[in-house]
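Participant: I need the structure of the sequence given here:
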Amino acid sequence: MTWRKITERGSIAPGKGRAFEVDGKKIAVFNQNGYHAMDDVCVHQDGSLAPGKLDGDIVECPLHFWHYNIRTGELTDYLKDVKLDTYPVEARDDGVYVDI
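Facilitator: Okay, here's the model as predicted:
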């Protein structure tokens with residue numbers, strides 16, 4: 001495991017996401033009933049998912065409205081069997097960490 005501190009606790013508002021670059025990877029971290037991390041690139045046209053609207057565990061790509069499950073990375077509409085990578089996240093006393 002390679003845990004990386006990406007931000008301070010409280011820097012991602014509840015119900016929101018934020019983009020980070022970790023070890024050369026674009027990662028979206030969402031604060032939705034806990035922290036969740038996944039690739040931050042929609043497979044449609046490489047749009048960032050981090051600023052997308054959250055509805056429960058589903059984030060909507062702000063470019064063309066494709067939907068992904070933030071817990072599993074699965075695309076929930078359009079193409080079947082499309083899944084973005086997800087990453088373990090830990091909220092610790094000194095910050096939020098992602099395992100890349």
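
Participant: ranges for the strands of this structure?
Facilitator: In the chain, the strands defined using DSSP state E lie at 3-7, 16-22, 25-31, 35-39, 53-55, 58-60, 67-69, 86-87, 89-92, 95-99.

Participant: pull out the buried positions in the first one.
Facilitator: Along strand 3-7, these residues count as buried under the neighbour rule (16 or more other C-beta atoms under 10 Å): Ile6. Backbone N, C-alpha and C define where each C-beta goes, glycine included.

Participant: quick one: that strand to strand 16-22, angle?
Facilitator: If you take axes from the mean of the first three to the mean of the last three C-alpha atoms, to 10 degrees, strand 3-7 sits at 130 degrees to strand 16-22.

Participant: distance between strand 3-7 and the chain's centre?
Facilitator: Mean-position distance between strand 3-7 and its chain equals 14 Å (C-alpha atoms, centre = their mean, to the nearest Å).

Participant: what's the answer for the shortest one, then?
Facilitator: Remark: strand 86-87 is offset 8 Å from the chain centroid, using C-alpha atoms, centre = their mean.

Participant: which strands and helices sit next to that strand?
Facilitator: Using 3 or more C-beta pairs under 8 Å, 6 or more residues apart in numbering; DSSP states H and E, the elements in contact with strand 86-87 are strand 35-39.

Participant: strand partners (parallel or antiparallel) of the strand it packs on?
Facilitator: Strands adjacent to strand 35-39 in the sheet, as given by DSSP bridges, are strand 25-31 (antiparallel), strand 86-87 (antiparallel).
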